[in-house]
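1. Pasting the sequence and the predicted model now:
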Amino acid sequence: MISNYVELKKKGLDDLIVTTRLGNKKQAYTSGCSINKTLRLYCKKANIKDWEKMHNHSFRHMFCTETIRRCGIEIAQTMMRHKNI
């Protein structure tokens, strides 16, 4: 879980959880393609089934689904910046 990782690594609110593939904490991603490459790399290392199919929207969808489950659809709608449910 991310919360375990954050606690183990003693991450603060301003720390990045995912850095570039090269580990450069100051360099930002320049495209969705590079984010997806990094995501797939970490998913493969974590032995996640179907890691080839993972992309950044997979995590957005998982975040929204979990927010709905824990907090309700109205909160998820606000957090995802959707006008309509």
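-> Nice, thanks for sending it over. Residues are numbered from 1 along each chain as shown.

2. hey, let's count contacts and neighbours off CA atoms from now on
-> Fine.

3. Toward the C-terminus, what is the element adjacent to the helix or strand of the chain with the lowest mean pLDDT?
-> Of the helices and strands making up the chain, the lowest-confidence element is helix 2-8, at a mean of 68, by mean pLDDT, DSSP states H and E. Using DSSP states H and E, the helix or strand that follows helix 2-8 towards the C-terminus is helix 32-45.

4. just checking, what packs against the helix or strand just after that following helix?
-> Next helix or strand after helix 32-45 toward the C-terminus (DSSP H and E): helix 56-71. The helices and strands touching helix 56-71, judged by 3 or more C-alpha pairs under 8 Å, 6 or more residues apart in numbering; DSSP states H and E, are helix 32-45, helix 73-79.

5. Show me what the shortest one packs onto, helices and strands only.
-> This points to helix 73-79. Using 3+ C-alpha pairs under 8 Å, 6+ apart, helix 73-79 sits against helix 56-71.

6. Using CSV, list the CA coordinates for the helix it packs on.
-> The C-alpha atoms that make up helix 56-71 are tabulated as CSV, following Å, rounded to 0.1, in the frame of the first residue of the first chain:
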residue,chain,number,x,y,z
ASN,A,56,-1.8,6.7,-15.8
HIS,A,57,-5.5,6.6,-16.1
SER,A,58,-5.6,3.2,-14.5
PHE,A,59,-4.5,4.9,-11.3
ARG,A,60,-6.9,7.8,-11.7
HIS,A,61,-9.8,5.2,-12.1
MET,A,62,-8.6,3.2,-9.0
PHE,A,63,-8.3,6.5,-7.0
CYS,A,64,-11.9,7.5,-7.9
THR,A,65,-13.3,4.0,-7.2
GLU,A,66,-11.6,3.9,-3.8
THR,A,67,-12.8,7.4,-3.0
ILE,A,68,-16.4,6.5,-3.8
ARG,A,69,-16.2,3.4,-1.7
ARG,A,70,-14.7,5.3,1.3
CYS,A,71,-16.2,8.8,1.1
